[in-house]
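>>> Dropping the sequence and predicted coords here.
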Amino acid sequence: MSSRSRVPPAMLAAHLEGEVTLSERAAIEAELRDSAQARRTLEQLRNLSELLAAPATDLENIDLASRVREKTRQVSRERPPRSRRGAALLLGGLAACLGGALFFVHRPQEISEFREKGSDAPALSGRRWAGMQIQRVAPHGNPGPLGTTIAPEDGLLFSYTNLGPHPFDYLMIFATDASAEVRWYYPAYENAADNPQSIAIARGGANVPLGELVQQDFADGPLSLYALFTARPLSVREVEAWLKQHGPSVAESPVADGVLQRIETRVER
């Protein structure tokens, strides 16, 4: 019996979703019989999939690796966040510190063999494998998971998970507060004359930190934070028009092959 696995984690994730060919499935099942590491990785992937499908309060418990969390504390102590979108507390290189995270290589899709699931698989499996994590950073304080309330002076740090057999290519993060105004985190939107698009994200990343600590001027009251994962880039104006039409309580992505995550909290002084 071998302790090392010859099957990439991306293939094991595809196996969980039934997104493998018949010959691939046979090879993976043989590897699972022979490799303890493959079985451990499969169980880790199954647990992560369940967490990402759970309510937002459970998702927040997917913590950043300890070195990333400590670096975040260090940066937040050294420089307070600026207001609005341009607060550049760059955390370059932190992805390399995610010793416990899983990073996958995207596998090109094959069309020569029969697949077990239909063409709607990307949107369905995406709900189980994509999500954001939010860290709240109080002035001169340590970062911690976003809770049921946030103070107006708090800044936010974001990371994302983008796993599974059909990872996404683009991400937008934005919020709507009690004033119904849309506040943008990613992409940065500082000039009304501009129309920026979704940011490109890494395929196969777990808890990948984004590089800014941003403070917004929110109105007191309910606050909705959104992560929109898509296969193609969308523009700020497209999304704002969609929100205006459907309202801030929308729960579905504006595009069929996308996934929208919404996390609720409150701004309290």
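Looks like it arrived, so ask away.

>>> which residue ranges form the helices in this protein?
9-16, 22-34, 36-52, 56-59, 66-78, 121-129, 236-246 (DSSP state H).

>>> what's the model's confidence in the fifth one, averaged?
In this model, helix 66-78 has an average pLDDT of 48.

>>> Kindly report the same for stretch 202-218.
85.

>>> CA atoms of it as CSV?
In CSV, the C-alpha atoms belonging to stretch 202-218 read as follows (Å, rounded to 0.1, in the frame of the first residue of the first chain):
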residue,chain,number,x,y,z
ALA,A,202,-6.6,32.0,-9.3
ARG,A,203,-8.1,28.7,-10.1
GLY,A,204,-7.8,26.0,-7.4
GLY,A,205,-6.9,28.3,-4.5
ALA,A,206,-8.1,27.9,-0.9
ASN,A,207,-8.2,31.0,1.4
VAL,A,208,-6.3,33.2,-1.1
PRO,A,209,-5.9,36.6,0.5
LEU,A,210,-6.7,39.8,-1.4
GLY,A,211,-4.3,42.6,-0.9
GLU,A,212,-6.1,45.5,0.7
LEU,A,213,-7.6,46.5,4.0
VAL,A,214,-10.5,48.8,3.1
GLN,A,215,-12.7,51.0,5.2
GLN,A,216,-16.1,52.1,3.9
ASP,A,217,-18.4,54.9,5.1
PHE,A,218,-21.5,52.7,5.7
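
>>> tell me which residues in that stretch are buried?
Neighbour counts over stretch 202-218 (16 or more other CB atoms under 10 Å) mark 202-216, 218 as buried. From N, CA and C alone the C-beta is placed, and that goes for glycine too.

>>> before we move on, what about stretch 134-152?
Applying 16+ other CB under 10 Å to stretch 134-152 flags 134-137, 143, 146, 150 as buried.

>>> now, the most widely separated pair of these?
Distances among these were taken as CB to CB; the most separated pair is P143 and I150, at 12.6 Å.

>>> Pull up the overlap in contacts between those two.
Common contacts of P143 and I150 (CB atoms under 8 Å, 6 or more residues apart in numbering): R136.

>>> E252 touches L260, doesn't it?
Yes: the criterion here is CB atoms under 8 Å, and E252 meets it with L260 at 6.2 Å.

>>> higher neighbour count, these two?
Per other CB atoms under 10 Å, whichever of E252 and L260 has more neighbours is L260, with 18 against 10.

>>> Look up how far I28 lies from the more buried one.
31 Å (CB to CB, to the nearest Å).

>>> Pretty sure P233 is one of the things V255 touches, is it not?
No: in this structure, V255 is not within contact of P233 by CB under 8 Å, at 10.6 Å.
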